[in-house]
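Undergrad: Just a sequence and a predicted model for now, questions to come.
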Amino acid sequence: MKAAAVGLAMVALLSACGGGSGSNQPAGSTQVTLSEYKFAPSSLTVTHGKVIFWLVNSGNLAHDMAIRDSSNKTIATSDVISAGDSKEFDVNDIAAGNYGIYCSQPGHEVAGMKGTLTVT
C-alpha cells in the first residue's frame with residue numbers, strides 16, 4: 001500500500017513538471033505559431049524593452065524566428081524549434097521601431113515565412 005502511494009505521488013510530480021522543451025507559455029509572453037510557411041500572427045506588436053516570445057511549432061519541419069531591423073541587419077534569432085515543440089525566445093532591450101520577422105531556415109523566407117514586428 002505504501003509503495004502504491006509513493007508511486008502515485010511520483011506520477012503526480014512528474015506530470016506537473018511537463019516535458020521536453022516545455023509546454024507552459026510564460027506569463028506576459030507573446031505567442032507565435034510557426035508552420036509551413038508562415039507565422040501566426042504574421043503581424044506582431046509588442047512594447048519596447050525585454051520581449052518574451054513563446055514559439056510553438058505546429059508544422060512538420062524545423063523552424064526558427066529571426067528579427068531584422070530597418071537596415072536589414074538581423075538583431076536576434078531564436079533556437080531552431082523541432083516540429084511539435086515549443087520554446088521561449090527572449091529578446092533583451094529591443095528599441096521602439098518597425099522590424100521584420102522571418103524564418104532563417106534555407107528557403108523558408110522565400111516561401112513566405114515572414115512578417116512584421118512593431119515595437120512601441
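TA: Yes, it's here. Numbers count the residues shown, from 1 in each chain.
Undergrad: how about the helices in this structure?
TA: For the chain, the helices defined by DSSP state H cover 2-17.
Undergrad: So which residues of it form strands?
TA: Ranges of strands within the chain are 30-35, 38-40, 43-46, 49-57, 66-68, 74-77, 86-94, 97-102, 114-119, based on DSSP state E.
Undergrad: Can you pull up the most central residue in this protein?
TA: With the centre of the chain defined as its mean C-alpha position, the nearest residue by Cα atoms, centre = their mean is Leu55, 1.7 Å away.
Undergrad: picking that back up, would TSV of the strands of the chain with mean pLDDT and distance to Asn24 be doable?
TA: Any C-beta I mention is one placed from the backbone N, CA and C, and that applies to glycine too. Below are these laid out as TSV (pLDDT from 0 to 100; distance: least, Cβ to Cβ, whole Å):
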stretch	mean pLDDT	distance to Asn24
strand 30-35	98	12
strand 38-40	98	20
strand 43-46	98	20
strand 49-57	98	9
strand 66-68	98	24
strand 74-77	98	22
strand 86-94	97	9
strand 97-102	98	23
strand 114-119	98	24
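Undergrad: and those strands as JSON lines, adding distance to His108?
TA: Output for the strands of the chain, formatted as JSON lines (distance: least, Cβ to Cβ, whole Å):
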{"stretch": "strand 30-35", "distance to His108": "9"}
{"stretch": "strand 38-40", "distance to His108": "10"}
{"stretch": "strand 43-46", "distance to His108": "17"}
{"stretch": "strand 49-57", "distance to His108": "12"}
{"stretch": "strand 66-68", "distance to His108": "10"}
{"stretch": "strand 74-77", "distance to His108": "13"}
{"stretch": "strand 86-94", "distance to His108": "16"}
{"stretch": "strand 97-102", "distance to His108": "8"}
{"stretch": "strand 114-119", "distance to His108": "9"}
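Undergrad: just to revisit the earlier point, for Thr120, see how far away the residue nearest to the centre of the chain is.
TA: 21 Å (Cβ to Cβ, to the nearest Å).
Undergrad: And Lys114, by the same measure?
TA: Separation of Lys114 from Thr120 (Cβ to Cβ) stands at 21 Å.
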